[in-house]
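Colleague: When you get a sec, could you give me coordinates for this:
(4 chains)
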There are 2 protein chains.
Amino acid sequence: MKKKSVTIKDIAKEAGVSIATVSMIFNNKDKNISQGTRDRVMNIAKLHNYIPNSMARSLVTKRTKTLGLILPDIVNPFFPEIARGAEDKARESGYSIIICNTDDNLEQEDRYIEILTEKMVDGIIFTHSADRNNTNSGLERCRVPIILIDRDYDSDNVKGKVLIDNGEASYKGVIHLIEKGYRKITYIAGSLNTQTAKDRLKGYRKALEDNGIEFEEKYIKVGEYRSLWGMEAVTLLFEEGVDFDAIFCGNDLIAIGAMKKLKEFGKRIPEDIGIMGFDDIYMASLVEPELTTIKQPNYEMGHKAAQMLIRAIEGNEKNTESKIILETELVVRKSS
Amino acid sequence: MKKKSVTIKDIAKEAGVSIATVSMIFNNKDKNISQGTRDRVMNIAKLHNYIPNSMARSLVTKRTKTLGLILPDIVNPFFPEIARGAEDKARESGYSIIICNTDDNLEQEDRYIEILTEKMVDGIIFTHSADRNNTNSGLERCRVPIILIDRDYDSDNVKGKVLIDNGEASYKGVIHLIEKGYRKITYIAGSLNTQTAKDRLKGYRKALEDNGIEFEEKYIKVGEYRSLWGMEAVTLLFEEGVDFDAIFCGNDLIAIGAMKKLKEFGKRIPEDIGIMGFDDIYMASLVEPELTTIKQPNYEMGHKAAQMLIRAIEGNEKNTESKIILETELVVRKSS
DNA sequence: ATGAAAGCGCTAACAA
DNA sequence: TTGTTAGCGCTTTCAT
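Modeller: As a prediction, this is how the structure comes out:
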């Protein structure tokens, strides 16, 4: 099935030159190769549809021009944009991307690091989900540079981080709710296990404090980042008789669920209850065009991560662990 | 930066055996290697965290255990599930997946085929968008097996196809509308360039014919697979004074846009206008939980494609070009 | 049960 | 300006 591929040797023989010459021509190291030779070789190569074997090349150069992208689940609408951003930047620089879904499973993450190492990727972009902070993780054993997206974790191999300031973003969001006149602001969180989530909570609390609003434990509901949980949480709030006039949600999916349930309860948005989401994932604006939310620059995060990674790979290898904090944007629509 | 990696040679030396022995042990070709040796080698390998270099291996075996996945755009909600299905199957069989976004660009597709060939992927899953039928395309030059998803195209390298019967699916959908009592059924198509689209149109027309409903050109609006187009098309229908009582949409995005616009025009769904989508993409049910639609088994398509591909790669290389037609499902909700 | 040796296709000195 | 050669790390006969 696989047609026998023509090699550099075939080309060299047919052109009557050495393989070194052909190699140089194909690597643009042909400063001093006569135009005639170059043309002849090129023609023959084209004629036989010669495509260099990058395995062989990589074996000697130690570079595969391939990156790994580890993320929880490409089906989660949060990730395709990141993937796309990364792929665009990668392609631009001649790299390809191997995609790895981990389902938030730590073992799977480690497994992938091993596979990627085996495949000799030049670097890894890592959007890990679970907190690795308390783990003597596989990251240490990884031999290539790693860029972290959306998570802060320290390790020798981590050469860069692309983050957003979750605390500040939440703070801004809640401040907006307060300025709109809401006072009893509940918080439906997706989780409290990640630093991301903790920071968001912190921002929320600080906004309340700074405005002399008393914080109450019962205002906080912790579940998952899914719209179903948004619905459940609202139900819970009502069942528990919590008195609230606004909801700050851990992400847009939760917000969408919450809005739906609020309407079922006959609440008007934003007159009765103000609501705010987080993430502004693809299609969220389609689902609830009126949802006020905090927009996380996913495409840009992927793009920047790839950029940093490639720089770390190709750069002068100085240990410049860099950290970019991207701006979030408060997108105010009609829900608050 | 890149730590010097330990090689099979290091292990062999330390274990006091030949590299051939180590190699055999790692490839489970160790029928006749003493348990003692095996254990010793394994321990030393573990100790030094030895990870075989798959470049070197591939160079001799001609197998990279890597597949290419070419698709228009991972951000389009149609594709993540396909990608995930493919990745799951691939991983299960020890393969990785390189992802390639082409933006429906033929040149980009060809470019990727070249890159993937260079990287020596073992096969390619191809969800191409534009019609390749009239093109002396790069597919011919590809050296590895290809599985097509959702598109029918013939070429030597195409070892399999995963399709749905678009004509039949549309037919079923429109029949449903007719049974519900709708008679003036318009069709907002996303395109008419692809075979897929042509088949869907054919199914639509046949359903009308079979029920003695006259087909009218003005019933058909052709645009793009986006919700914005759904909105525009509805506006157009009204502006042109087309008399209709139902809309069959090229995909769910279009349907969602159409519904939104219909509501703006004060139409009740399904009392005034019945509506039906196609695809049942992720989140579509969130956006419009009541949208009646035709569910395309995306995850399964990706999964099956990877399965066929791996079989073609590892199989006995008989030229069994296979073709699977997956079942669509009519998901009836409240919009029709 | 194990080792020696010949490559896989290519790059990168170093020669010429 | 071009050719020779020594590997890169591994698999795979063929010997032993």
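
Colleague: Tell me the secondary structure at A:V6.
Modeller: coil (DSSP: H, G, I helix; E, B strand; the rest coil).

Colleague: residues contacting the residue lying closest to it once chain neighbours are set aside?
Modeller: In this structure, A:V6 finds its nearest non-sequential neighbour in A:H48, 4.6 Å apart by C-beta to C-beta, 6 or more residues apart in numbering or on different chains. From N, CA and C alone the C-beta is placed, and that goes for glycine too. The contact partners of A:H48, by C-beta atoms under 8 Å, 6 or more residues apart in numbering or on different chains, come to A:V6, A:D10, A:I11, A:E14.

Colleague: What helices and strands are in contact with the strand or helix carrying the third one?
Modeller: So that's A:I11. Per DSSP states H and E, A:I11 falls inside helix A:8-15. Other helices and strands packing on helix A:8-15, by 3 or more C-beta pairs under 8 Å, 6 or more residues apart in numbering or on different chains; DSSP states H and E, are helix A:19-26, helix A:35-47.

Colleague: Quick check: buried residues in that helix?
Modeller: A:I8, A:D10, A:I11, A:A12, A:E14, A:A15 (16 or more other C-beta atoms under 10 Å in any protein chain shown).

Colleague: Tabulate the residues you listed (TSV), appending distance to DNA strand D and pLDDT.
Modeller: Below are the buried residues of helix A:8-15 laid out as TSV (distance: C-beta to the nearest atom of the strand, whole Å; pLDDT from 0 to 100):
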residue	distance to DNA strand D	pLDDT
A:I8	10	92
A:D10	14	91
A:I11	11	92
A:A12	7	91
A:E14	12	89
A:A15	8	89
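
Colleague: near DNA strand C too, which of these?
Modeller: Near DNA strand C, taking C-beta under 7 Å from any atom of the strand as the test, the members of those found are A:I8.

Colleague: what about the residue most central in space within chain A, which SS state?
Modeller: Nearest residue to the geometric centre of chain A (C-alpha atoms, centre = their mean): A:I82, 4.4 Å. Of the three states, A:I82 takes helix under three-state DSSP.

Colleague: How much space separates the residue lying closest to A:I213 once chain neighbours are set aside from DNA strand D?
Modeller: Nearest residue to A:I213 in three dimensions, chain neighbours excluded: A:R183, at 6.0 Å (C-beta to C-beta, 6+ apart). Going from A:R183 to DNA strand D by C-beta to the nearest atom of the strand, to the nearest Å gives 64 Å.

Colleague: so how far is DNA strand C from A:I310?
Modeller: Following C-beta to the nearest atom of the strand, the distance that separates A:I310 from DNA strand C is 18 Å.

Colleague: Make sure I have this right: that residue is in a strand.
Modeller: No: residue state for A:I310 (three-state DSSP) corresponds to helix; a strand is not indicated.

Colleague: Count the residues that sit near the residue nearest to it when sequence neighbours are not counted.
Modeller: Leaving aside its chain neighbours, A:I310 sits nearest to A:S93 (5.1 Å; criterion: C-beta to C-beta, 6+ apart). Per other C-beta atoms under 10 Å in any protein chain shown, the neighbour tally for A:S93 reads 15.

Colleague: Ramachandran angles for A:S93?
Modeller: Reported as degrees, to the nearest 10, the phi and psi values for A:S93 are phi -100, psi 10.

Colleague: before we move on, what about the one 4 residues further on?
Modeller: A:I97 adopts backbone torsions of phi -130, psi 130, taken as degrees, to the nearest 10.

Colleague: Check the one 3 residues further on too.
Modeller: Here is the backbone geometry of A:C100 (degrees, to the nearest 10): phi -140, psi 120.

Colleague: per-residue confidence at it?
Modeller: Confidence at A:C100, expressed as pLDDT, is 97.

Colleague: Now A:H303. Nearest residue, chain neighbours left out?
Modeller: Per C-beta to C-beta, 6+ apart, closest to A:H303 is A:G85, 3.7 Å.

Colleague: Double-check that that neighbour belongs to a helix.
Modeller: Yes: the assignment for A:G85 by three-state DSSP puts it in a helix.

Colleague: burial of it, as a residue count?
Modeller: Around A:G85 there are 25 residues (other C-beta under 10 Å).

Colleague: A:I324 too?
Modeller: Neighbouring residues of A:I324 were enumerated by other C-beta under 10 Å; the total is 16.

Colleague: roughly how far apart are it and chain B?
Modeller: A:I324 sits 20 Å away from chain B, going by C-beta to the nearest C-beta, to the nearest Å.

Colleague: quick one: contacts for the residue of the stretch 51-200 of chain A found nearest DNA strand C?
Modeller: As assessed by C-beta to the nearest atom of the strand, DNA strand C sits closest to A:A56 within the stretch 51-200 of chain A, at 3.1 Å. Residues near A:A56 by C-beta under 8 Å, 6+ apart: B:L59.

Colleague: about what we covered before: the residue nearest to A:I213 reaches A:F215, doesn't it?
Modeller: No: the pair A:R183 / A:F215 is not scored as a contact, 11.9 Å apart, by C-beta atoms under 8 Å.

Colleague: in the stretch 1-150 of chain A, what spans have low per-residue confidence?
Modeller: Where the stretch 1-150 of chain A drops to pLDDT under 70, the residues are A:1-4, A:30, A:129-138.

Colleague: repeat that with 50
Modeller: Scanning the stretch 1-150 of chain A for pLDDT under 50 picks out A:1-2.

Colleague: So which bits of it are right by DNA strand C?
Modeller: Residues of the stretch 1-150 of chain A found near DNA strand C (C-beta under 7 Å from any atom of the strand) are A:5, A:7-9, A:19-20, A:23-24, A:26-27, A:29, A:52-53, A:56-57, A:59-61.

Colleague: Torsion angles phi and psi at A:I164?
Modeller: phi -120, psi 160.

Colleague: Near it, how many other residues are there?
Modeller: Close neighbours of A:I164, defined as other C-beta under 10 Å, add up to 22.

Colleague: Roughly how far does it sit from DNA strand D?
Modeller: Applying C-beta to the nearest atom of the strand to A:I164 and DNA strand D gives a distance of 39 Å.

Colleague: who does that residue bridge with?
Modeller: Legend: beta-bridge partners of A:I164 under DSSP bridges are A:L326.

Colleague: in chain A, which spans are helices?
Modeller: Assigned by DSSP state H, chain A shows helices spanning A:8-15, A:19-26, A:35-47, A:54-61, A:80-92, A:106-118, A:166-179, A:195-210, A:227-239, A:252-264, A:284-287, A:298-314.

Colleague: For the residue lying closest to A:D10 once chain neighbours are set aside, give me phi and psi.
Modeller: Distance criterion C-beta to C-beta, 6+ apart; nearest residue to A:D10, sequence neighbours excluded, is A:H48 at 6.9 Å. Per-residue torsions, A:H48: phi -90, psi 10 (degrees, to the nearest 10).

Colleague: circling back: let me see the contact set for the residue nearest to A:H303.
Modeller: Counted by C-beta under 8 Å, 6+ apart, A:G85 has contacts A:N298, A:Y299, A:E300, A:M301, A:G302, A:H303, A:K304, A:A305, A:A306.

Colleague: residue contacts, the second one?
Modeller: When contacts are counted by C-beta under 8 Å, 6+ apart, A:Y299 is found next to A:E81, A:I82, A:R84, A:G85.

Colleague: where's the second one relative to A:A90, distance?
Modeller: Relative to A:A90, A:I82 is positioned 12 Å away (criterion: C-beta to C-beta, to the nearest Å).

Colleague: isn't A:K172 right up against A:V331?
Modeller: No: counting by C-beta under 8 Å, A:V331 is not a contact partner of A:K172; they are 11.3 Å apart.

Colleague: shared neighbours, the two?
Modeller: With C-beta under 8 Å, 6+ apart, A:K172 and A:V331 have common neighbours A:I294.
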